[in-house]
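J.: just to be clear, the model below is a prediction. Sequence and coordinates:
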Amino acid sequence: MKRIEVVAGIIKSGEKIFATERGYGEFKGFWEFPGGKIEANETREQALVRELKEELAVEIKVENFLCTINYDYPSFHLTMHCFYCSIVKGELTLLEHQSAKWLKVNELDSVKWLPADIEVIEILKTH
């Protein structure tokens, strides 16, 4: 089975968390935490900084590690490393996603999440 390793950013502003809706591919219309694949010779933190700049046009500071999720999708195994992060420069601009929302923890269940991200949400609810 193909293995994919990614990073995801949990961007917080006060009590709200930033969520993005995929606008392409097999999982179009599902919600996720923004991020992407780790490239060769990149740390997880470097990958997250690069990915969020590419996807959202912002510079971020990687704060604390939250969790690593391992999830088997039908055609690949995903390992996703999740970090809290904050915006240090720029305005959130959707360059790859079709929509986005700021959600309080008790509102996270109001959108249709990708399966791996659902596991992250369960962890966020306990933090």
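T.: All right, it came through fine. What you are looking at is a predicted structure, and each value in this text was computed from that prediction instead of being measured.
J.: which non-adjacent residue is nearest the residue nearest the centre of the chain?
T.: Residue closest to the average C-alpha location in the chain (CA atoms, centre = their mean): F33, at 2.4 Å. Counting by CB to CB, 6 or more residues apart in numbering, F33 lies nearest to A8, which is 4.1 Å off, once chain neighbours are set aside. Every residue, glycine included, has its C-beta placed from N, CA and C.
J.: okay, now the one you found: neighbour count?
T.: A8: 24 surrounding residues under other CB atoms under 10 Å.
J.: likewise for N70?
T.: Counted with other CB under 10 Å, residues neighbouring N70 total 11.
J.: quick check: which element contains it?
T.: Element membership for N70 (DSSP states H and E) is strand 59-72.
J.: for V6, same thing?
T.: The secondary structure element spanning V6 is strand 2-13 (assigned by DSSP H and E).
J.: just the C-alphas of that strand, formatted as PDB.
T.: Output in PDB follows, covering the C-alpha atoms of strand 2-13 (Å, rounded to 0.1, in the frame of the first residue of the first chain):
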ATOM      1  CA  LYS A   2       1.200   3.500  -0.900                       C
ATOM      2  CA  ARG A   3       2.300   5.500   2.200                       C
ATOM      3  CA  ILE A   4       2.000   9.300   2.400                       C
ATOM      4  CA  GLU A   5       3.400  11.500   5.200                       C
ATOM      5  CA  VAL A   6       1.900  14.900   5.700                       C
ATOM      6  CA  VAL A   7       1.800  17.800   8.100                       C
ATOM      7  CA  ALA A   8      -1.300  19.700   9.200                       C
ATOM      8  CA  GLY A   9      -1.700  23.100  10.800                       C
ATOM      9  CA  ILE A  10      -4.200  23.700  13.600                       C
ATOM     10  CA  ILE A  11      -4.400  27.500  13.300                       C
ATOM     11  CA  LYS A  12      -6.100  29.100  16.300                       C
ATOM     12  CA  SER A  13      -7.500  32.600  16.900                       C
END
